[in-house]
Structures are given as structure tokens and as C-alpha cells.
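Participant: Quick one: sequence plus predicted model below, questions after.
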Amino acid sequence: MRALVAGGVVVGLLAMAGCAARPDLSGLEDDLGQVDGVNGAIVWTTHPGAPWNTQVNVTLFLDEASSDAVIDAARAAGPVLAADPSASRHDVTIAFADAQRADYTRDSISSAPSVTVMPEVYEELGLQDTGAHMILIRAGGLGPIADAG
């Protein structure tokens, strides 16, 4: 009986941990939408692998689709992300879209034309190359772009 109760408590705590990891990111989305070279942002969380693993996902809608624009937008977004209590303590992905933010919702973001993140972008930002689709910054690793902003 005690094992059953203990198991129920553990399941309840895990469920609450998953719910607590759904921060309000509307302010962050608004702040990122004001970054130079960006015409808007969409920000949401996912929980890869488990409800207590929180990842903050950002899509920045760029005014221009070039490697220089990606670098400039990432540098300008860095301090904003580092100042946010949720983004600064969780893994963050940043994707870039060559589109107008007003044309997309969270549900339609996957259809936005993406901007390829070239290897020279990672080199210039001092980040590990995590692929052509988005920049992945591990928790606490916003320093290189936050300091460059």
C-alpha cells in the first residue's frame, strides 16, 4: 500500500513539473519582435524526451534572408534571450524565416520559408554548428551571442 501511495506521489510531482515548465513567453516574443532586422517572432516551448525537459523554441522572421542578417539578428536577440528567466535557463533553438510574421501563426510556422544557417554563421557567433535548420544553444550557453549583442 505504501509503495502504491509513494508511486502516486512521484507521478503527481512529475506531472506538476511538466506543467510548471510552461512559462509565459508572450513578453519574450514581443521583445524579440523589436530586434533590428526582425519583423516579428514566434516563441513556444517543447518538452523533448520528458515533461521536465523544457526547450524554448524561437523563430525570428527576418527582413532579409542572408547569412549577415542571421548573424545580426542572433546577436541582437542574444541579450534579450539572456535576460529572459525562461530562455536563460533552458535549451534554446533559434530558427530564421524569410517571411512576414503577420502571415503566420504557431500552427502554420512550419510552412514559413526557412533561412539556411551556414557554417560561417556559427563560426562568426562562436557557437557549435548544430545544422542548417536552426541554432541550438544549450542551457546557460547564451554567452557568446548575448555578449556580442
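Facilitator: Yep, that arrived.
Participant: so where's this structure shaky on pLDDT?
Facilitator: Applying pLDDT under 70 to the chain picks out residues 1-22, 148-149.
Participant: In it, what residue spans correspond to helices?
Facilitator: Ranges of helices in the chain, per DSSP state H, are 2-20, 26-32, 67-83, 119-125, 143-148.
Participant: What is the shortest one packed up against?
Facilitator: When contacts are defined as 3 or more C-beta pairs under 8 Å, 6 or more residues apart in numbering; DSSP states H and E, helix 143-148 sits against helix 67-83, helix 119-125. From N, CA and C alone the C-beta is placed, and that goes for glycine too.
Participant: Go through that helix and list whatever outside residues touch any part of it.
Facilitator: 74, 75, 77, 78, 79, 81, 82, 125, 126, 127, 137 (C-beta atoms under 8 Å, 6 or more residues apart in numbering).
Participant: Try it again at 6 Å.
Facilitator: 74, 75, 78, 79, 82, 125, 126, 127 (C-beta atoms under 6 Å, 6 or more residues apart in numbering).
Participant: cool, and the fourth one?
Facilitator: Contacting residues not belonging to helix 119-125 are listed as 67, 70, 71, 74, 129, 144, 145 [C-beta under 6 Å, 6+ apart].
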